[in-house]
Each structure stands twice: as C-alpha cells, then as structure tokens.
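1. next come a sequence and a model predicted from it.
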Amino acid sequence: MTAAPQLAADGRLRHLLTLDGLPSALIENLLDDAARLREQWHTQRALPQHLAGRTVVNLFFEASTRTRTSFDLAARRLGALVVNFDIASSSTSKGETTEDTLATLEAMDADAFVVRHKENGTPAQLAAHARQAAILNAGDGNRAHPTQGLLDLLTIRDRKGRVDGLNVVICGDIRHSRVARSDVHGLHALGAGSVALCGPASMLPAREEFPGCRISDDFDAALTDADVVIMLRIQRERISDLPDLDVDSYHARYGLSMQRLARARRDALVMHPGPINRGVEIASAVADGAQSAILDQVANGVFVRMAALTRLLAR
Ligand code: ASP
C-alpha cells in the first residue's frame, strides 16, 4: 500500500506522519505557532478555541503516558471533544481491522485520529484510508515520532536560540528508536552543524539509513564540542533477542554521568524523550541537574501538539 502523502496538493499539511521530507519552513511555522500558543497560555491561562466543535480520537495501540496525555490536553485546551478509544475493550479485540475501526469512527464525524502503533507504517496506512479525517502519528514502531521531533527542536531553539550550526549527540538504542529518526530529520531540516549517533554496536543503525550523521560506539569521543546531548532508553519492547543487559557496564560506557557530561561544551543541553531509566542511560544528578531540559520537553510537547492540531483542523 502506498502511504498517503502528508501534504495536500497546495502544500498544506493534510496529515502529520513524519518529519522526513517536511519543508523546513513548515517546521519553523509549527514551532512559531507553538511558541505563540505557549505565550498566550502563560500570560492569560486561556487559549483561542481553534478546535471548538472538532472531535479528536486518541487511538493508542501501544503504552504511553506522556504522549497520550499531552495530545489529550492540547486538544481539550483548544476546545475539542476528545475520545480516548479503549483498545482493550473495543471491537479491535473482536477481530475488526484498524481500517474498519477508522471508518466506523469517521462515520461518527471524528475529525482527527492520534495514532500510536508498534508496527511501522500503521499511521500512514490509516491516512491512505481516511476520507476526511487527519491522522497524526504519535509513534509507529521504530520509524517516526514527529511531534517528539518538533518538541525537541522547540526546546533546543528556546534554550540555544537556534538549531542551525549546533553539534548534537544522540546516544543509546538508536537502532530501535523512532525518536532518533524524527530528531535527525528535524535537525537536518533546520541546519544542525553535526549530528552524531552513539551506542553499543548492537544498538547502532545501518549507516545508509542515516546519511549525514556520524555513527560511533565511542560516546566519550563524540561528546567533545557537543551543544546538545539527547539520551535514549533501551527500547526493550522492540528488541526480540535482547541479551541479558549488564546495567552497570552499560552505564559505565553509555550512561550520562556528571563526569562524562563535563566532556561536552560547558553550556551543553541535556535532553531525553522519557521515560527515563535513572542509573542506566542517565544519572539522576544529570537528569535533575541545571543542564537538563527534560521537563521543558514535556511542557513544550503540549504546545507543539496544539500547533499541529490547529494547522490540521482549524476552519
Ligand atoms: N516515549 C518515546 C517513544 O514513544 C521514547 C521511549 O519510549 O523510549 O518512542
């Protein structure tokens, strides 16, 4: 099946499936819209009801805390009606296909579906079937997590004033990470100076999948001159043959400790999409320290999702 294009013929956003190939001007516009909504929220605690009369369905086939809550708050604060579709007690568990679930809910005038699925490509498949509704990818397999990419870009832009020219290191289980993929697409679109991907060899991706990135198993070396360090969790649920992991030796080589962070630039920003595993990929002192932007990322997530929903749904 061919994936539905996420841009309409006139260049407008029709679905949000991936940052791969999204024009950089559109990415910048989404970040600007998010920053504007954030400003309004912080100064007035009230927002324009861009989504009044619209219905947004959260279709999460995989566990989520942050992303689902974040989409839910974003849609509700802009006035939408939100349905959190309960997969476990739905007809999906009676054998209904995801496409038929979509058609059923579209017949009830759902305007947008926020989809998370363990299989790569499910949001794009649904987009190919959608009649009117917009599909927002909330994470598919290891392929894409576009709103995470956007919130990471906004966080970097806020704290560093730009993305252009920055040296970014992403460390951890790159191979299984949809966050790494969306971050790399977004960072390249906005002109990051260098992007280095680090981790043990078994967690590194194929080089051809990441043109323009440095790929290495030497985290210490990669940290030199880093402006931004993004740490990732080991995606156990996506690894079928995970050997017993020795947490201490993983942390000793790939964990971000205060001592190791000192190798990066003095004002380097530390990020993590969450959920964090303290003492594994990141030490508590770093996660809770002055250079950490982890909770800023969470806060920004609500606003980039508002920006995306508005662009897709506002009349
Ligand atoms: N929350 C992110 C994701 O959905 C990162 C993670 O789970 O480690 O991919």
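-> Nice, I can see it.
2. ok, F210 to the ligand distance?
-> 17 Å (Cβ to the nearest ligand atom, to the nearest Å). To be clear about C-beta, it is placed using only N, CA and C from the backbone, and glycine gets the same treatment.
3. ok, that residue - how many residues close by?
-> As a burial measure, F210 scores 20 neighbours (other Cβ atoms under 10 Å).
4. what residues does it make contact with?
-> 184, 197 (Cβ atoms under 8 Å, 6 or more residues apart in numbering).
5. can you check A138 too?
-> 58, 60, 64, 67-68, 71, 114-116, 123, 145, 147.
6. rerun that using 7 Å as the cut-off
-> Residues near A138 by Cβ atoms under 7 Å, 6 or more residues apart in numbering: 60, 67, 71, 114-116, 147.
7. also A283?
-> Here A283 is in contact with 255-258 (criterion: Cβ under 7 Å, 6+ apart).
8. also R253?
-> Residues in contact with R253 (Cβ under 7 Å, 6+ apart) are F219.
9. pLDDT value on it, please?
-> At R253, the predicted lDDT confidence score is 97.
10. now swap in S90 and tell me
-> 76.
11. the residue of the stretch 1-150 of the chain found nearest the ligand in helix, strand or coil?
-> Per Cβ to the nearest ligand atom, G139 is where the stretch 1-150 of the chain lies closest to the ligand, at 4.3 Å. For G139, the assignment made with DSSP: H, G, I helix; E, B strand; the rest coil gives strand.
12. in contact with the most centrally placed residue in the chain, which residues?
-> Nearest to the mean C-alpha position of the chain, by Cα atoms, centre = their mean, lies Q148 at 1.9 Å. By Cβ under 7 Å, 6+ apart, the residues touching Q148 are 179, 182, 273.
13. and the stretch 1-150 of the chain, which residues reach the ligand?
-> Residues of the stretch 1-150 of the chain lying close to the ligand by Cβ under 6 Å from any ligand atom are 139, 145.
14. the stretch 1-150 of the chain: strands as residue ranges?
-> 55-60, 81-84, 112-117, 134-140 (DSSP state E, counting those that start in this stretch).
15. and stretch 299-311 with the ligand, contact?
-> No - Stretch 299-311 stays out of contact with the ligand when judged by Cβ under 6 Å from any ligand atom, the minimum separation being 10.1 Å.
16. gap between that stretch and the chain center?
-> Averaging C-alpha positions (Cα atoms, centre = their mean, to the nearest Å) puts stretch 299-311 12 Å from its chain's average.
17. relative to D218, how far out is the residue of the stretch 1-150 of the chain closest to the ligand?
-> 29 Å (Cβ to Cβ, to the nearest Å).
18. who has more neighbours out of the two?
-> The neighbour count for G139 versus D218, taken as other Cβ under 10 Å, is higher for G139 (25 against 10).
19. ok, the more buried one - contacts?
-> 67, 116, 145, 178.
20. between the residues you listed, identify the one with the most neighbours.
-> Neighbour counts for the contacts of G139 (other Cβ under 10 Å) peak at H145, which has 27 neighbours.
21. out of the contacts of Q148, which one sits closest to E209?
-> Ranked by distance to E209 (Cβ to Cβ), those are led by S182 at 13.2 Å.
22. tell me the secondary structure for that closest one?
-> When classified by three-state DSSP, S182 comes out as helix.
23. what about it, neighbour count?
-> The burial count for S182: 27, using other Cβ under 10 Å.
24. give me every residue that touches the closest residue in space to it that isn't next to it in sequence.
-> Closest residue to S182 apart from its sequence neighbours, by Cβ to Cβ, 6 or more residues apart in numbering: G149 at 3.2 Å. Neighbour list for G149: 19, 182-183, 185-186 [criterion: Cβ under 7 Å, 6+ apart].
25. switch those residues over to TSV; also include distance to R157.
-> Below are these laid out as TSV (distance: Cβ to Cβ, whole Å):
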residue	distance to R157
L19	14
S182	16
D183	13
H185	16
G186	11
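26. what's the most distant pair in these?
-> Taking Cβ to Cβ as the measure, the contacts of G149 span a maximum distance of 8.4 Å, between L19 and D183.
27. quick one: low-confidence ranges for this structure?
-> 1-4, 240-243 (pLDDT under 70).
28. for it, which segments count as helices?
-> Using DSSP state H, the helices of the chain run over 24-44, 66-77, 98-107, 122-129, 146-160, 178-189, 219-223, 247-254, 258-261, 284-287, 294-313.
29. how about the nearest residue to G186, chain neighbours excluded?
-> Distances taken as Cβ to Cβ, 6+ apart place G149 nearest to G186, at 4.1 Å, with adjacent residues excluded.
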